[in-house]
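Q: no letters, just coordinates:
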């Protein structure tokens, strides 16, 4: 399985992904720092906003990964060439899904830690609010973001279902935007963005779709 993942890494160029991740982190920081300075939002809410932004951005990146690794290959029929290899179809698809899910999780986890840490440093250095954020608080927030990263990686697989049904990249991306919009909802009365149980429920759906795809891969080309 891991040999197949390594082959995918060699076959595809992920330079765009990592450059995009760096740019996204910079843009997220460029957005949240002025918001904190102008609006004087509580640090609790700022950490929530920061985590939600990171997850939203990289869940969409995850949909792009699914499109490149799976949807486009079905649409262009190039995946059927891979199916001529003496390797089970299920293993090939499982390797692609493992790669997409793992990259999404790793990127969200690392980006969340980086953005939260930079925000913490700038906040305390320039006193963006009257209260200083203790290091212990930063550690707690990063741990919480790590749990949300696991859930987001699972939820990022949901668009696979819609993309495969239509063999359409736009359908994959639009369904990803819909999922992100739902789990990022926040208002003064109730917030989904910081509800780990809602995120985990979406993750379970995403993992189920991944297993369904692997199990029924022999029928997918007939969808």
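A: Done, it's in. These numbers come from a predicted model, not from an experiment.
Q: next, the contact list for residue 98, please.
A: Residue 98 sits next to 1, 5 when contact means Cβ atoms under 8 Å, 6 or more residues apart in numbering. No exception for glycine: its C-beta is placed from N, CA and C like everyone else's.
Q: which strand or helix spans it?
A: Using DSSP states H and E, residue 98 maps to helix 89-126.
Q: show the average pLDDT along that helix.
A: Mean per-residue pLDDT for helix 89-126: 94.
Q: stretch 175-186 now?
A: Per-residue pLDDT values over stretch 175-186 give a mean of 93.
Q: what sits up against that stretch?
A: By Cβ under 8 Å, 6+ apart, stretch 175-186 touches 48, 52, 55-56, 59-60, 62-63, 155-156, 158-159, 161-163, 191-194, 198-199, 202.
Q: try 7 Å this time
A: Stretch 175-186 has contacts (Cβ atoms under 7 Å, 6 or more residues apart in numbering) with 52, 56, 59-60, 63, 155, 158-159, 162, 192-193, 198-199, 202.
Q: now swap in stretch 31-45 and tell me
A: With Cβ under 7 Å, 6+ apart, stretch 31-45 has contacts from 46, 49-50, 119, 122-123, 128-129, 131, 133.
Q: tell me which residues in that stretch are buried?
A: Neighbour-count burial for stretch 31-45 flags 32-33, 36, 41, 43, 45 (criterion: 16 or more other Cβ atoms under 10 Å).
Q: for residue 171, which residues are in contact?
A: Neighbouring residues of residue 171 by Cβ under 7 Å, 6+ apart: 162-163.
Q: pLDDT at it, what is it?
A: Looking at residue 171, its pLDDT reads 96.
Q: give me the element it is part of.
A: Residue 171 belongs to helix 169-183, assigned by DSSP H and E.
Q: I figured residue 96 was touching residue 9, is that so?
A: No. Residue 96 lies out of contact with residue 9 (Cβ atoms under 7 Å); the separation is 11.0 Å.
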